[in-house]
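Chemist: I'd like to go over a predicted model; first the sequence, then the structure.
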4 protein chains.
Amino acid sequence: MSSNSFGKLLTVTTFGESHGPAIGCVVDGCPPGLALAPDEFRTDLERRATGRSRWTSQRREADEVEILSGVYEGRTTGTPIALVIRNTDQRSKDYGDLQDTFRPGHADYTYWQKYGIRDPRGGGRSSARETTMRVAAAVIAKKWLAERHGVRVRGFLAQIGDLVPRGAFDWDAVAQNPFFWPDASMVEELEAYMTALRKSGDSVGARVSVVADGVPPGWGEPVYGKLDGELAAALMSINAVKGVEIGDGFAAVAQHGSVHRDEITPQGFLSNHAGGILGGISTGQAVVVSIALKPTSSILVPGRSVNLAGDPVEVVTKGRHDPCVGIRATPIAEAMVALVLMDQALRHRAQCGDVGEVAPRVPGDAG
Amino acid sequence: MSSNSFGKLLTVTTFGESHGPAIGCVVDGCPPGLALAPDEFRTDLERRATGRSRWTSQRREADEVEILSGVYEGRTTGTPIALVIRNTDQRSKDYGDLQDTFRPGHADYTYWQKYGIRDPRGGGRSSARETTMRVAAAVIAKKWLAERHGVRVRGFLAQIGDLVPRGAFDWDAVAQNPFFWPDASMVEELEAYMTALRKSGDSVGARVSVVADGVPPGWGEPVYGKLDGELAAALMSINAVKGVEIGDGFAAVAQHGSVHRDEITPQGFLSNHAGGILGGISTGQAVVVSIALKPTSSILVPGRSVNLAGDPVEVVTKGRHDPCVGIRATPIAEAMVALVLMDQALRHRAQCGDVGEVAPRVPGDAG
Amino acid sequence: MSSNSFGKLLTVTTFGESHGPAIGCVVDGCPPGLALAPDEFRTDLERRATGRSRWTSQRREADEVEILSGVYEGRTTGTPIALVIRNTDQRSKDYGDLQDTFRPGHADYTYWQKYGIRDPRGGGRSSARETTMRVAAAVIAKKWLAERHGVRVRGFLAQIGDLVPRGAFDWDAVAQNPFFWPDASMVEELEAYMTALRKSGDSVGARVSVVADGVPPGWGEPVYGKLDGELAAALMSINAVKGVEIGDGFAAVAQHGSVHRDEITPQGFLSNHAGGILGGISTGQAVVVSIALKPTSSILVPGRSVNLAGDPVEVVTKGRHDPCVGIRATPIAEAMVALVLMDQALRHRAQCGDVGEVAPRVPGDAG
Amino acid sequence: MSSNSFGKLLTVTTFGESHGPAIGCVVDGCPPGLALAPDEFRTDLERRATGRSRWTSQRREADEVEILSGVYEGRTTGTPIALVIRNTDQRSKDYGDLQDTFRPGHADYTYWQKYGIRDPRGGGRSSARETTMRVAAAVIAKKWLAERHGVRVRGFLAQIGDLVPRGAFDWDAVAQNPFFWPDASMVEELEAYMTALRKSGDSVGARVSVVADGVPPGWGEPVYGKLDGELAAALMSINAVKGVEIGDGFAAVAQHGSVHRDEITPQGFLSNHAGGILGGISTGQAVVVSIALKPTSSILVPGRSVNLAGDPVEVVTKGRHDPCVGIRATPIAEAMVALVLMDQALRHRAQCGDVGEVAPRVPGDAG
């Protein structure tokens, strides 16, 4: 089953286990002519990388992307772009004592149920390591969206545990602190919160929001290819995500229609409760989505479980400890939004592009 | 673009506009041999029908399903099952005065942006009328899941505006009151709430939850075919849905890992915060999902908008008025869950059926 | 499995059995704004219809197309177009005595093997009746290709049994004789040939060629979406087809490279051995394909077979007798070529349409 | 567009240019538990390799497969299997003088038309180098088919230019001579033929046939997922293929129905004109397919063409010269047949596996 691929016209296939020799992806369907160099992947991969600060897991990988195909003389050719990252830090020994034990709240139990195989190398495909390639693939999508349509996709951490931003929203702050937090005045408070959390050996959930500015009206397809439906699938496929909201999301449950509907004037919409999507199609306003990330189950607090033999065991996850996996989910959520948007952009011009046409090329003519 | 189809092995394609001659669907991939008669569609279609009680829109359609293909002598043959329902109540006149006006919060604006066409017949494909065929298609899925795997898929209304169930949860109550409400003692209160809402000409949002009991462990596919990812896409594609949660959903944001993880004992899981899914694969516990539905924008409270000429207008939606579209979303949400589960069940036996049939594994057992 | 659908951006789903209540299709992905009326389907459906002349089966169906969705005020809306034809001539009694017998060379044996069901109603989905909906769907594709790109798709009968056209090729002759034969001087000879064949109770094979003029260079996608690969699949999916050729086809086996390659001058190609496709992408020359159709197995000559009980039986197909099913395959082959071309045209502008763009619409502006 | 992938449940994605750093593939959907080691790829890759004898191109690549993912402790895990081969022999200088020239009969013209890019590195994705990964992927499919279903897929060269096998057919001969020729007595004649051809600087076409023994009845899906339709697409996607036949193929054009139909007795079929497929579904007989390969256009005989500036030029392909590319197409054709069969096998058990496993039915047996 092609469940390691997604997207209809921009198709991304990822492969690789967290502790195998390499991870990689194939990006198929990118238009020709987009400038692309290996070092353009660095920024987003570092934003995602574990170990980006002392607040996240200490695992450190170089994450150097090699472009194996699809780019010639610095530009995409229209053929599939294969990217590979070698795993340089395969400390699978860390998990050695978990080889026969199911960790509560972890996918190793369901993978074993499905495939009948107990792969102790860090969870195989269920590891967040896989998301590295989503971020890499989305570097291409973000660039195409920006150059071609002026779309900008940015995420931020909107809640961690009980903490929410209190002050004014500031995208510059998001870019500058290690928490992707939009309120610079709270960074010290967050640091103290994380220090206490780490000491407790426990973890906490988080909420991440992504805003895509510049999306033109008309992207998205009825009925089962709705923009919000595909965003939901893409975001829910990120590790640890347990909820997805478009615009006001669950707050809409308690709203009245006279409040929720976004009124329109000749100057534009008066609000954006809809999160930029109506009937599955973009309105031209900012597309706004949020996700809920559960607290990681890999914690130092002992928990009850069973082993392969069916005996009760007490589990403590040693090795790396990431008290809030939600923080580094920010660039991953951006990535999924960008990939969905580019796919929908290509689909929109396929069906509705009858006013724009590709003329046959004639040898000897310019262009 | 095949965006009017969904599912990989059980593929459902729907067609038809709310005020055209008919709506229909093609269900492709159902195994042969399943007993199926036209009258089996009646129950769920009536549960979904507008006009099922005085609390929802007064539109009344017979919704008689005709089976055009795929069934011979009362059993499915393995070929595509086409179902058609004639639209008998096409009162498109109701919307006549909206022909040149965009309703705030309604998809007519985005459809016009996408296709350049203003179809006044009740919103075309964006109408909730389309969901009738999802419910019809899911009658097949529910039956197959029940007969083949003992899976039962049931939904209930979990919140309407600010009201939440207070008493003991009771599936029998859900089946017996017109609100799918799990607390029979609150039905009068709900009726009063709806009466007041209707008088105000306004609408309100709702929360619907669906529980699938009996799902064996192992259904769902990594990484982009995760069970929760596909549930999210399927549910978000329902009209008016703005949010999807799996298990604890957004409540997980404020939880600690020591609380959220579902501990395991030789007797089974001790909790179900995960909603029956880990790493995108079912655990064997009940699959639990919830959705947020926005308040409909078709209300009697005047709102600001523009017309096709770009002039400002005041909009009031006359004709039918459904103060809470979320109520009738309950069987639709059940339908989407059932269709996703059956598709995943078929995919699971395709990839993992090398031992004839895949029995759930039990830690401690051989094999 | 979605095997009753084909096409990636223009997706056609067909349903219906030859002797059920109706057959139909859903055409998803057609751009909005194409003029389309029910009577436009008539010409091609009559060209395909059995009974179009005394030389083909006497079955006669009105084949009136009803458009159930996707068209508003005479133009496509961009939403799925559902077409339905009621089966008015369901003489399944004709096949009554074959209910328990497998006909040699017929799909009823393999359908029974696959699904475990013996559906005597004319072969179910394996009947050529299904191809009616391909022809209907392709009316839309032919029109869009012609209006949008100036592409014309025409087929002719290139061989029947041992007979091949001897005189000058004439498209007008193809349009005027009941054999789609390009040499008017041979029509009487063909009539005599068919009369003798009918009297013998036997059948014969045929070769049909299709030429698509006006296809611009660049359509088709490497590597598994090649234009010739998709044409091959589409054409081989027609009943009774046993071979597909692009351009010179099997004649290329004995050719030298110095002959086969189509040399290029500033004035264009000097030949078209390639059939207008190189590397799976159109060259700008006419696209030329041919198919081999086997002689139908439904003949009056007795043959050996077995029944459901496994006993040897002698089979004679009574009822309608079509001595050369290949004749009416001509418009079906055209249909499949047109559908593949339109799908590829949409895909080409999705990936390579960066110079043509769809501007957002502004209410109040023209267009 | 995902046109670098094929297969529905066993999905193969290939990437890489002939003269880029590497080529590779991702095989998604292989069941877990299949034993797989890197050295198992060697035999088929050597059979395909250019330079396998002095009769084919002298290019020599080690073609060492690295397994990047999906295999743990020597067995497949059910997750995507990524295979990569480094290009060690990138002599793109050979083609330097063709940088601005279109070769007649070559895809470089159509790629430039489609993408607007002139990639001189050996034709990019249109190079036969890409087929290496098809052969590699099919090693997995062949092994699964053999172990799980006893299916054996074997090809042979059935014609080269005007030469056809004259003596008795012998699979052992196929395995032992460098031409995959089924008549050992003709090998010297073939060698002389090839020597003369090489001296002339010209090339010649070929015909390759593939036989799959042991395919059970029931594989293949109506209507657009027919086994023969998918074989046709898969085989036509091989470089230089211009025709595909199932069973008797084009010979059926001149056959009578009383000859072509394969009669059935309680002991089985009396012939196999159908090539093992009826109505798109396997009959249980051997599946037999043949392809026509054109003579390569890369020859030493000068030909007319144009350059990027539109000026007329004379083209001579220097560098490697492969007088009959059809020879090495034999293992590639086997590969495509095996991949299609495995995909269909998985799909069959998804839809029709309700009795655990689907055993071939025998007329006369119960069930």
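Modeler: Nice, I can see it.

Chemist: The stretch 51-200 of chain A against chain B: which residues are in contact?
Modeler: Applying CB under 8 Å from any CB of the partner chain, we find that the stretch 51-200 of chain A lies next to chain B at A:102, A:104-116, A:123, A:125-126, A:130, A:159-162. Every residue, glycine included, has its C-beta placed from N, CA and C.

Chemist: Buried subset of these, written for ChimeraX?
Modeler: Buried residues within these, by 16 or more other CB atoms under 10 Å in any protein chain shown, are selected in ChimeraX with:
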select /A:102,104,105,106,107,108,109,110,111,112,113,114,115,116,123,125,126,130,159,160,161
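
Chemist: So which of the residues of the stretch 51-200 of chain A next to chain B sit within helices?
Modeler: A:108-115 (DSSP state H).

Chemist: How are the strands of the stretch 1-150 of chain A distributed by residue range?
Modeler: Assigned by DSSP state E, counting those that start in this stretch, the strands in the stretch 1-150 of chain A fall at A:5-6, A:11-15, A:22-28, A:66-67, A:71-72, A:75-76, A:81-86.

Chemist: Please name whichever of these is nearest to chain C.
Modeler: strand A:22-28 (9.7 Å; CB to the nearest CB).

Chemist: Residue in the stretch 201-350 of chain A with the shortest distance to chain D?
Modeler: Counting by CB to the nearest CB, the stretch 201-350 of chain A gets nearest to chain D through A:Leu346 (8.3 Å).

Chemist: Just give the nearest non-adjacent residue to that residue, would you?
Modeler: A:Leu9 (4.0 Å; CB to CB, 6 or more residues apart in numbering or on different chains).

Chemist: Neighbours of that neighbour, how many?
Modeler: Look at A:Leu9: counted by other CB atoms under 10 Å in any protein chain shown, it has 27 neighbours.

Chemist: residue contacts, it?
Modeler: By CB atoms under 8 Å, 6 or more residues apart in numbering or on different chains, the contact list for A:Leu9 reads A:29, A:343, A:346-347, A:350, C:9, C:347, C:350-351, D:1-2.

Chemist: what's the answer for A:Ile277, then?
Modeler: Applying CB under 8 Å, 6+ apart, we find A:Ile277 in contact with A:220, A:226-228, A:246-247, A:283, A:287, B:110.

Chemist: picking that back up, can you put the strands of the stretch 1-150 of chain A in JSON lines and add mean pLDDT and mean neighbour count?
Modeler: What follows is the strands of the stretch 1-150 of chain A, written out as JSON lines (pLDDT from 0 to 100; neighbours: other CB atoms under 10 Å in any protein chain shown):
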{"stretch": "strand A:5-6", "mean pLDDT": "95", "mean neighbour count": "25"}
{"stretch": "strand A:11-15", "mean pLDDT": "97", "mean neighbour count": "28"}
{"stretch": "strand A:22-28", "mean pLDDT": "97", "mean neighbour count": "28"}
{"stretch": "strand A:66-67", "mean pLDDT": "96", "mean neighbour count": "16"}
{"stretch": "strand A:71-72", "mean pLDDT": "93", "mean neighbour count": "21"}
{"stretch": "strand A:75-76", "mean pLDDT": "94", "mean neighbour count": "19"}
{"stretch": "strand A:81-86", "mean pLDDT": "96", "mean neighbour count": "24"}
